[in-house]
Structures are given as C-alpha cells and as structure tokens.
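A.B. asks: pasting the structure only:
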C-alpha cells in the first residue's frame, strides 16, 4: 500500500440555503453525473483502488461546511466495509448462483404489501433494509444488475436515479424534520473487473441516535425503529411530487 | 443464535456529581471488582457467549444518564469487533508464536523514550496505540499475559488497575477539559477456554471528533492527532498523584 490518495469536494450549487433535496431533478442529475465523471477520472490513476462517494449533511452528521456538498475520497486500498460486503455477496453468489442485491430487490418488491418499500420507479427501488443499523436507514438500489456506479452511462437512467433520490430525501426531510444524515455510494472497485456478485447502491443513514460504547465495542447496532414502521411512515408522509 | 441476552447498569457511587475519575482508588477498585463479579455471574448462563463491559461518559459519547455508570451487555454471539481482534491476534500468534499484545507492551516499553507511553506501573501500562482511531485514544494493558478480565482475581492486581485507570482518566480530564469518552473492556469469550493468543485490555476513546460518512462508509478512521503527540501531552499535564 502506498500513502497515496485524493480528496475532492463537489459543491452542489451556488445557493447557500438549498440542500440537495431542494435542487430540481435536472440539477440533481448534473450533480450525480459529476460524481460519476470524477470517479472515472480518478480511476485513471491506477494506484487508487477505490473512490468513496459520501455526504455529511448537518453538523450532527459530521458536516463542517453548511453549504451543500459531497466528498470523494480515493484510497490505495479497498475500504474495510466494502471488502466485507464484497466477501459476503461473493459467498452468497457461490452458494445460490444469484446476486444477493438482485434477490433483495426481488424480495422487497414481492413482500406482502411491500412493507419495507419506500418508493419505486421503473429502474430503482428505495427500501428500508431488513436489518438496518440506524432508524430510517434507507437504501436505493437499481433493479438492473450492474456492479458499479460508473456503469450508469444512460442520461435517462441517471435522471431517474435523481428523481428517486430527490423524493426519498424529501420524504425523509418531511418525516424527520430535515434530519442530519450521511449517505454513501457502495460500488465495485474498478480494478476487479465486472463483478457478477456485486450490485451498486446508495445507503442513506439519518443520524437520529448516537453511536456509543456498545456500537464501538461490538460492531453491532442498537436500532429501536423497525424498518417496516419506518417504511410505512415514509410512504404515508405527504409530499408534493 | 437465540434471541437471548442481558443488560445491566453498574451505578458507580451515590454521589451524582462525581465522575469515575473522582472516586478514590479504594472505591474504584470496588467498582472494577463489581464488573468482574457480574461478568462471572452472567457467564453461569451458558447461552451467553460474551459480556461487553462499556462506559458512555457525557452526552456526546452517547450517555443518556448523567449519574456515573457503566453498562454490561451480554450477547448470545461474540461481537463482530472482538471476533476480528481474536482472528487477527490468532493469525499473529500462528506466525510469530507470541501474543501480539505482549509484543505491544514490550515494544512500547522499549521504544525510544517510550514515546507512546502515558504511564506505567509494575503490572500495567497505559499507552497511545500505534494506529489510534480517535485522538487521545488510550489503552491500558496488563503486563502479565492473561486472556480475560475475569482472571484478575488478586485484589492487589485489581487495586493497581484502579490506580492506573484513575490516573489515566485524570490526565485525560486535565488535558482535554473533562471530555466525553467511551471505554470498552476487551476480554476473551469464556467458552473458548484459556487463549494463549489473546490478552485482555481496556480501550478508552475520548469523543472529540465526529464519526461521519467516511468512517461509516469505509470502516477507516481519520485521526488528526499523532499518538506520540497525545502521549507527550498526557505525560506532561500536571496532575496531583
């Protein structure tokens, strides 16, 4: 491992008072496309093994800048969390010959009344995962099996992702009174080639509870909110769409 | 795995205004002995695989009660973090035929000027670890190779641990103006038998920075404070001993 890396900040618009959810779908599409372009450019440097795209929104979620922004940190190794997810999904694939994330999309769509479904479009689903670490943790997954965020090359596909992200954030904002949150894009490491067992997605984690001694000491998370309750609440909250 | 567990709160004294570091060494010895007795009693239930002993001190470290207290959570599985530490130290032992924590104690004692050493006694060392996740993260390790906290059966050994813990917390309080902190006792799972590759210790983590998107997404920690600087600061801060 080399002591090499990159850190970039994407400033999402000129207006200091607008959060990501306040941007138009067209504007948000441009932001999401900018993430993709920066990832692709950073990956021209072969020493960088992974580019983590993440957002800290609100001081309680660790944001040190108020103006809406997203960060990219490129590292010379695959992050621990992603490596664990890659290992887990590879084991699942070896066992079932199916992608675990495709199975999640399938199952959450078929689940009686879609009780962990927040919203869905032709190409994407937004769900509360079965075992969320945080109350109102929400994942957006593409229905199409594709391992990396960089593969979203179709502008319509990106615009649809922007629409689903905007509505998801708007529902979270309405339900939880504009909570602090983090989001992270989980995507395949570039050098690995196309991974049949991995499937990119976005994980949004509102910061409503505090990670403390139990979580730090165990790696387990205490979450008092069942995902089914959170999903119902997010579905039923009134938003203009 | 069964859905079984236990959660206990150790209230450390009758005085609402005194923190752990304010207790006398005699009093603190009783508190630390109480942890041990509760762990031993909980382990009579064979369904419990691990008892996590941890403290949240201050609201920013997740404490929901102001009165000084410690928590024990017993789980039917070995916590993820501990399993990773067990796996890592077993691999080290297989390679070197030595306990990694004994080597750490040895190395930090021998290190030029003991530059990551905070304080030491006959039986214990308090150090800043080589790659700390948090600024001023401090570990207390027994010099004697012993895998579990329950093995501290000698009252003098426990009293000496209390003295080292009190001075370490006092130095952190003085240096960082009574910071919020978490601590966690890392100890061997009981059912495993005596582990030659594991070595109990206490990890104290002041909460000065915020864990945010990068840490949640990567499992890596950004720490702006070199352990050598933190150790020097903690050694030099004036405390009455």
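C.D. replies: Now that the structure is in, tell me what you want to look at. Keep in mind it's a predicted model, so treat the numbers as computed, not measured. Residues are numbered from 1 along each chain as shown, chains lettered A, B, ... in the order given.
A.B. asks: now the most centrally placed residue in chain A: closest residue in space, sequence neighbours ignored.
C.D. replies: Central residue of chain A (Cα atoms, centre = their mean): residue A:202, 1.7 Å from the mean position. In space, residue A:202 comes closest to residue A:140 once its chain neighbours are excluded; the distance is 4.5 Å by Cβ to Cβ, 6 or more residues apart in numbering or on different chains. For the C-beta atoms, the positions are set from N, CA and C on the backbone; glycine is no exception.
A.B. asks: burial count for residue A:191?
C.D. replies: For residue A:191, the neighbour count with other Cβ atoms under 10 Å in any protein chain shown is 11.
A.B. asks: surely it meets residue A:49?
C.D. replies: Yes - at 6.2 Å, residue A:191 counts as touching residue A:49 under the criterion of Cβ atoms under 8 Å.
A.B. asks: got any residues that touch both of those two?
C.D. replies: With contacts taken as Cβ atoms under 8 Å, 6 or more residues apart in numbering or on different chains, not a single residue reaches both residue A:191 and residue A:49.
A.B. asks: return the per-residue confidence for residue A:112.
C.D. replies: You'll see residue A:112 listed with a pLDDT of 69.
A.B. asks: contacting residues for residue A:132?
C.D. replies: Residue A:132 is in contact with A:223, A:225, A:227, A:230, counting by Cβ under 8 Å, 6+ apart.
A.B. asks: ok, it to chain B distance?
C.D. replies: Relative to chain B, residue A:132 is positioned 13 Å away (Cβ to the nearest Cβ, to the nearest Å).
A.B. asks: hang on, that residue in a strand?
C.D. replies: No - with DSSP: H, G, I helix; E, B strand; the rest coil as the criterion, residue A:132 is located in coil rather than a strand.
A.B. asks: quick one: contacts of the helix or strand residue A:85 falls within?
C.D. replies: Per DSSP states H and E, residue A:85 falls inside helix A:80-96. Applying Cβ under 8 Å, 6+ apart, the contact partners of helix A:80-96 are A:50, A:52, A:78, A:98-101, A:103, A:186, A:188-189, A:195-199, B:216-220.
A.B. asks: among these, the buried ones, what's the PyMOL command?
C.D. replies: Burial among the contacts of helix A:80-96 is assessed by 16 or more other Cβ atoms under 10 Å in any protein chain shown; the matching PyMOL selection reads:
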select buried, (chain A and resi 50+52+78+99+100+101+186+188+189+195+197+198+199) or (chain B and resi 216+217+218+220)
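A.B. asks: return the residues of chain A in contact with chain B.
C.D. replies: A:52, A:54-56, A:60-63, A:71, A:73, A:75, A:79-82, A:84, A:182-184, A:186, A:203, A:205, A:210-214, A:216-220 (Cβ under 8 Å from any Cβ of the partner chain).
A.B. asks: just the buried residues from these, in ChimeraX please.
C.D. replies: The following ChimeraX line selects those of the residues of chain A next to chain B that are buried, judged by 16+ other Cβ under 10 Å:
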select /A:52,54,55,56,60,61,62,63,71,73,75,79,81,82,182,183,184,186,203,205,210,211,212,213,214,216,217,218,220
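A.B. asks: next step: the residues of chain A next to chain B restricted to strands.
C.D. replies: Among those, the members found in strands (DSSP state E) are A:52, A:54-56, A:71, A:73, A:75, A:182-184, A:186, A:203, A:205.
A.B. asks: still on that earlier bit, the residue nearest to the centre of chain A is in contact with residue A:183, isn't it?
C.D. replies: Yes - applying Cβ under 8 Å, one finds residue A:202 in contact with residue A:183, separated by 5.9 Å.
A.B. asks: neighbours around residue A:137, how many?
C.D. replies: Count around residue A:137 with other Cβ under 10 Å applied: 21.
A.B. asks: need the contact list for it.
C.D. replies: Contacts of residue A:137 (Cβ under 8 Å, 6+ apart): A:128, A:129, A:203, A:204, A:205, A:206, A:223, A:227, A:230.
A.B. asks: what's the neighbour count on residue A:7?
C.D. replies: Going by other Cβ under 10 Å, the residues that sit close to residue A:7 add up to 10.
A.B. asks: just the helices in chain A please.
C.D. replies: Along chain A, counting by DSSP state H, helices occupy A:25-42, A:80-96, A:100-110, A:155-176, A:213-218, A:227-236.
A.B. asks: looking at those, which is buried most?
C.D. replies: helix A:213-218 (a mean of 22; mean count of other Cβ atoms under 10 Å in any protein chain shown).
A.B. asks: residues making contact with it?
C.D. replies: For helix A:213-218, using Cβ under 8 Å, 6+ apart, the contacting residues are A:220-222, B:52, B:54-56, B:61-62, B:71, B:73, B:75, B:79-82, B:182-184, B:186, B:203, B:205.
A.B. asks: let's see 6 Å
C.D. replies: Identification of contacts with helix A:213-218 by Cβ atoms under 6 Å, 6 or more residues apart in numbering or on different chains yields A:221, B:52, B:54, B:55, B:56, B:73, B:79, B:81, B:182, B:184.
A.B. asks: also stretch A:147-163?
C.D. replies: A:25, A:28-29, A:32-33, A:36, A:39-40, A:121, A:123, A:185, A:187-188, A:194-195, A:198, A:200.
A.B. asks: what's the average pLDDT for stretch A:178-186?
C.D. replies: 96.
A.B. asks: just stretch A:135-153 next, same as before
C.D. replies: 96.
A.B. asks: now do stretch A:119-128
C.D. replies: 97.
A.B. asks: and it, which residues are buried?
C.D. replies: In stretch A:119-128, counting by 16+ other Cβ under 10 Å, buried: A:119, A:120, A:123, A:124, A:125, A:126, A:127, A:128.
A.B. asks: which two among those are spaced furthest apart?
C.D. replies: A:123 and A:128 (19.3 Å; Cβ to Cβ).
A.B. asks: residue ranges with poor pLDDT in chain A?
C.D. replies: A:1, A:112, A:192, A:241 (pLDDT under 70).
A.B. asks: next one: phi and psi at residue A:237?
C.D. replies: phi -60, psi 140 (degrees, to the nearest 10).
A.B. asks: and the gap between it and residue A:174?
C.D. replies: 5 Å (Cβ to Cβ, to the nearest Å).
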